[in-house]
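Student: predicted coordinates and the sequence they were generated for:
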Amino acid sequence: MMIRLFLRKYIRIPIIIIIGYLFLFYPYVFQKLFGIQNEIPFLLGGLLFFLIQYVLSFKKTSNFPSFLKKCILIQILFWFLFCFIHSDTSYLVRCLVILLTFLMLTYLGRHKMLFKFCAIYNVVIGTQVFLGSVAFILIFCGLLSPITTFENVDGREAYCYGLTCSNYVVGNLIRIAGYFDEPGALAYWGVFALLFNKLFINNKIVEFTLVIGLFFTLSAAYFVQIVLYFIFFYFTHLKKNIIPLILILSLVFVGFQKLGTNDVVASYTVERFAGGKIQSSRTELSMVAKRAFLKNPIVGCGAKKFESMQYMGDNPFEIPAKDGIVGLIITYLPLILVFLRYYKRKEVLFAALILSAGYLQRPFHIHILHSFMLYLFVILLYLKYKVRKKVITSIDSQMVKKQQNNGI
């Protein structure tokens, strides 16, 4: 009955189209599982489809904030300019991705389904985390084997177990990745879902599933972000949340005690924080990228040249090395706007800080999912507080009229 009510309330054709379309692109692995080698036809096909939808529904309002439209225009103009600065046409792809993201969100907005999409996508991520957690236990007990293997985008071999995928499997230990290309990606987008849920949906089942299940990604970035999450959203209201906190922390503590006897698990958890410093595979990459950044700090070396150099991606200096300080500001302009517009709202400030911590470990990439989720975050904030402001203004005006009438 509950599932039927949920499906009736949230499942709509536009939501299915958007989620299905996002599944076609990296960092999801479906394209690799089905042997699809090129994303460009899907990119251009989606651009055409959503452009047609945009024209057909032109008279409908989308509630797309004007300040975000200006932000998108600035980003497109700067990336177009970077084409000439670096003689690099790959920046045109960024412009297309941003334009496509705008059309997709407008499509949802004109159908009044932005919040509904957020709710159902959180469940999609939560389901991947739950299934991955089950797979972790089954594999740890030797009860589940890979159904098939495939080559990831980065060339590494990955395993599909049906319930989850992963490219980190050592003996009977797996770092769950859901249907993403690697465990860190599931942790990364899981935190996005966690924050979306906290700010806009407040589904306790989804929150509990994500908080506990994402530990099985064994992601160093997640360990940091979840600590910040509890400090910001729960420790400030300790008395009110003492029982859930004790329950969750007890489960985590017992889990780490049990798994910590395994040397491989220990190397992915406790030992990664030894000596007061986070040990990550990206630590050395960061040093290489920093040296590249210092050679051209203003506009970077350019995207194509960056790809042709020694690999130094997925670290805090990736974007500065590639696009310089100017490119860094343009890339994170939507997040900067969040800080500038909503810094007085604690919950928004907390969420933005947690996202920023994630971006330090896994920077913004020029993929549809990255642009889509960051823009969606900004739009939902705008709609949430715009409605609240209207309600407060309406109440205030009614009180003024009442006082005036009493005075008469």
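Tutor: Yep, it's here.
Student: mind checking pLDDT for residue 315?
Tutor: As predicted, residue 315 sits at a pLDDT of 82.
Student: SS state for it?
Tutor: coil (DSSP: H, G, I helix; E, B strand; the rest coil).
Student: pretty sure it sits against residue 286.
Tutor: Yes: contact between residue 315 and residue 286 holds when scored by Cβ atoms under 8 Å: they sit 3.9 Å apart. In short, each C-beta sits where N, CA and C put it, glycine included.
Student: more neighbours, the two?
Tutor: Using other Cβ atoms under 10 Å, the more surrounded residue of residue 315 and residue 286 is residue 315, with 23 against 18.
Student: now the helices for the stretch 151-300 of the chain?
Tutor: Counting by DSSP state H, counting those that start in this stretch, the stretch 151-300 of the chain has helices at residues 183-196, 204-213, 220-233, 242-259, 263-268, 283-295.
Student: show me what the second one is packed against.
Tutor: Helix 204-213 is packed against helix 114-140, helix 183-196, helix 242-259, with contacts defined by 3 or more Cβ pairs under 8 Å, 6 or more residues apart in numbering; DSSP states H and E.
Student: for this protein, which residue occupies the most central location?
Tutor: What sits nearest the mean C-alpha location of the chain, by Cα atoms, centre = their mean, is residue 189, with 3.7 Å.
Student: what sits closest to that one if chain neighbours are left out?
Tutor: residue 125 (6.1 Å; Cβ to Cβ, 6 or more residues apart in numbering).
Student: quick one, what contacts that neighbour?
Tutor: 178, 189, 190, 192, 193, 210 (Cβ atoms under 8 Å, 6 or more residues apart in numbering).
Student: a markdown table please, covering those residues and showing pLDDT and distance to residue 130.
Tutor: Shown next, in a markdown table, are the contacts of residue 125 (pLDDT from 0 to 100; distance: Cβ to Cβ, whole Å):
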| residue | pLDDT | distance to residue 130 |
| --- | --- | --- |
| 178 | 96 | 10 |
| 189 | 97 | 15 |
| 190 | 97 | 11 |
| 192 | 97 | 17 |
| 193 | 97 | 12 |
| 210 | 97 | 9 |
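Student: quick check: mean pLDDT across stretch 363-370?
Tutor: Over the span of stretch 363-370, the pLDDT mean works out to 91.
Student: C-alpha coordinates for that stretch, CSV please?
Tutor: Extracted in CSV, the C-alpha atoms of stretch 363-370 (Å, rounded to 0.1, in the frame of the first residue of the first chain):
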residue,chain,number,x,y,z
PRO,A,363,36.1,18.4,-8.0
PHE,A,364,33.3,19.5,-10.3
HIS,A,365,33.5,17.7,-13.7
ILE,A,366,32.0,18.6,-17.0
HIS,A,367,29.3,16.0,-16.9
ILE,A,368,25.6,16.4,-17.1
LEU,A,369,25.0,15.0,-13.6
HIS,A,370,27.4,17.5,-12.0
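Student: so what touches that stretch?
Tutor: 22, 25-28, 43, 93-94, 97, 100-101, 104, 189, 314-316, 318-319, 331-332, 374.
Student: same thing with stretch 99-110?
Tutor: With Cβ under 8 Å, 6+ apart as the test, stretch 99-110 has contacts from 14-15, 18, 21, 43, 46-47, 50-51, 53-54, 57, 60-64, 69, 72, 76, 114, 117, 368, 371-372, 375-376, 379.
Student: in helices, which of these appear?
Tutor: Of the contacts of stretch 99-110, the ones assigned to helices by DSSP state H are 14-15, 18, 21, 43, 46-47, 50-51, 53-54, 69, 72, 76, 114, 117, 368, 371-372, 375-376, 379.
Student: what strand or helix carries residue 92?
Tutor: Assigned by DSSP states H and E, residue 92 belongs to helix 90-110.
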